[in-house]
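In: Pasting a predicted model and its sequence here:
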Amino acid sequence: MQAVSHTGKAKRGRFLVLGGAGAGKTTLLRALEDKDLTSVSKSQMIDYSGWGIDTPGEYSEMGHYRRVLLTAAFDAQLVLIVQDATNEKLIFPPNYFLMFPQPTIGVVTKVDDPRAELERSRDLLAAAGVTGEIFCVSAFTGDGISTLRDYLRRQNI
Ligand SMILES: Nc1nc2c(ncn2[C@@H]2O[C@H](COP(=O)(O)OP(=O)(O)O)[C@@H](O)[C@H]2O)c(=O)[nH]1
Ligand SMILES: [Mg+2]
């Protein structure tokens, strides 16, 4: 999907970042933008200021907040779901992402952590209905970050 402005020039799309509290969403966004990782503070509101639309983990975790995410998704051409590689839990209902009209991709974060389990994380994302590519990254070591950045740019995002 590519938005075209009234001048006929292609507009770059945006992506919406979803995932549980502490999954590493904000840190990932800063790494993708090559920004300092030390000043990441807890996100309280949906943040439209950066490259990706950042959301508080609580919105993904609590059923009655999820409708806010659907509204935010209207502004996005792609939905990126973050799964903490050290977390064994799935916070989204099964097949939840099949209802999003945008393509959905998964990002497994914190692969540098010794407790990281990549296969489990991939399975959790698939169970949530993420149908696109899955990227394994560490914002701390930079592993996989440029691959993900290049992919997003290729989607015209
Ligand atoms: N080991 C490791 N920890 C990370 C990584 N990315 C984020 N974290 C840590 O995970 C915690 C939550 O990160 P944050 O970006 O605030 O998560 P958010 O709530 O999803 O936005 C922080 O303590 C981060 O330092 C990573 O790549 N590796
Ligand atoms: Mg955050």
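Out: All right, it came through fine. Residues are numbered from 1 along each chain as shown. Ligands and ions are numbered 1, 2, ... in the order given.

In: CA only for contacts and neighbour counts going forward, please
Out: Fine.

In: which bits of this protein sit near ligand 1?
Out: 21-27, 40, 42, 57, 109-110, 112-113, 138-140 (CA under 6 Å from any ligand atom).

In: can you do 8 Å?
Out: By CA under 8 Å from any ligand atom, the residues of the chain that approach ligand 1 are 19-28, 37-38, 40-43, 54-57, 82, 109-113, 137-142.

In: I'd say residue 51 and residue 12 touch.
Out: No. Contact criterion CA atoms under 8 Å: residue 51 and residue 12 do not qualify, at 10.2 Å.

In: Okay, residue 36 and ligand 2: tell me how far apart.
Out: 14 Å (CA to the ion, to the nearest Å).

In: Could I get the pLDDT score of that residue?
Out: Residue 36 is assigned 89 on the pLDDT scale.

In: who's in contact with it?
Out: With contact taken as CA atoms under 8 Å, 6 or more residues apart in numbering, residue 36 is in contact with residue 30.

In: now it: how far from residue 54?
Out: Counting by CA to CA, to the nearest Å, the separation of residue 36 from residue 54 is 16 Å.
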